[in-house]
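Q: predicted model, plus sequence, below.
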Amino acid sequence: MDAGDLRLDMAPGRAVECLMEGMGLSKKELADALGATPRTLERWRSGDTYPQRDTRRHLAALVEFDRHLGETFADREVVRVGRVDRVEAALEALDSGVFV
């Protein structure tokens, strides 16, 4: 799914918490994936600041990715943030019955 088409449907701080818990990411790992700092994530969590539009879209894409993983895999430890686009393509292939 194209991150440009997504909107974040929860507060950024809640999205950060869900991703850290759901994907088992550390604050540093999630910050790196979003091109932010751990301190910035803390400010989002506290509601002191709000991510810029492109970062909100990326955050929304990760939330959607996490949701898709949860629907597809029982074992949530299968993925660490990296080449999310490749994993998403594999998930889409699985969903359409094509095995890679």
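A: Cool, got the structure.

Q: from here on, just use CA atoms for contacts and neighbour counts.
A: Fine.

Q: residue ranges with poor pLDDT in this protein?
A: Residue ranges of the chain with pLDDT under 70: 1-6, 73-86, 98-100.

Q: biggest helix in it by residues?
A: helix 53-72 (DSSP state H).

Q: next secondary structure after that helix?
A: Toward the C-terminus, helix 53-72 is succeeded by helix 84-95 as the next helix or strand (DSSP states H and E).

Q: and the spatially closest residue to residue 55 that is not a sequence neighbour, what does it touch?
A: Of all residues not flanking residue 55 in the chain, residue 34 sits nearest, at 6.6 Å (C-alpha to C-alpha, 6 or more residues apart in numbering). With contact set as C-alpha atoms under 8 Å, 6 or more residues apart in numbering, residue 34 has these partners: 55, 58-59.

Q: taking these, please make a PyMOL selection of just the buried ones.
A: The following PyMOL line selects those of the contacts of residue 34 that are buried, judged by 16 or more other C-alpha atoms under 10 Å:
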select buried, resi 55+58+59
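
Q: put together a markdown table for the contacts of residue 34, with distance to residue 44 on each row.
A: Formatted as a markdown table, those follow (distance: C-alpha to C-alpha, whole Å):
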| residue | distance to residue 44 |
| --- | --- |
| 55 | 12 |
| 58 | 14 |
| 59 | 12 |
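
Q: can I get the strand or helix carrying residue 14 in PDB? Just the C-alpha atoms.
A: Counting by DSSP H and E, the element that carries residue 14 is helix 12-23. Below are the C-alpha coordinates for helix 12-23, written out as PDB (Å, rounded to 0.1, in the frame of the first residue of the first chain):
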ATOM      1  CA  PRO A  12       0.700   9.800  16.900                       C
ATOM      2  CA  GLY A  13       1.700   9.000  20.500                       C
ATOM      3  CA  ARG A  14      -0.800   6.100  20.500                       C
ATOM      4  CA  ALA A  15       0.600   4.900  17.100                       C
ATOM      5  CA  VAL A  16       4.100   4.900  18.500                       C
ATOM      6  CA  GLU A  17       3.000   2.900  21.500                       C
ATOM      7  CA  CYS A  18       1.100   0.400  19.400                       C
ATOM      8  CA  LEU A  19       4.100  -0.100  17.000                       C
ATOM      9  CA  MET A  20       6.600  -0.500  19.900                       C
ATOM     10  CA  GLU A  21       4.300  -3.100  21.600                       C
ATOM     11  CA  GLY A  22       3.000  -4.800  18.500                       C
ATOM     12  CA  MET A  23       6.200  -5.100  16.500                       C
END
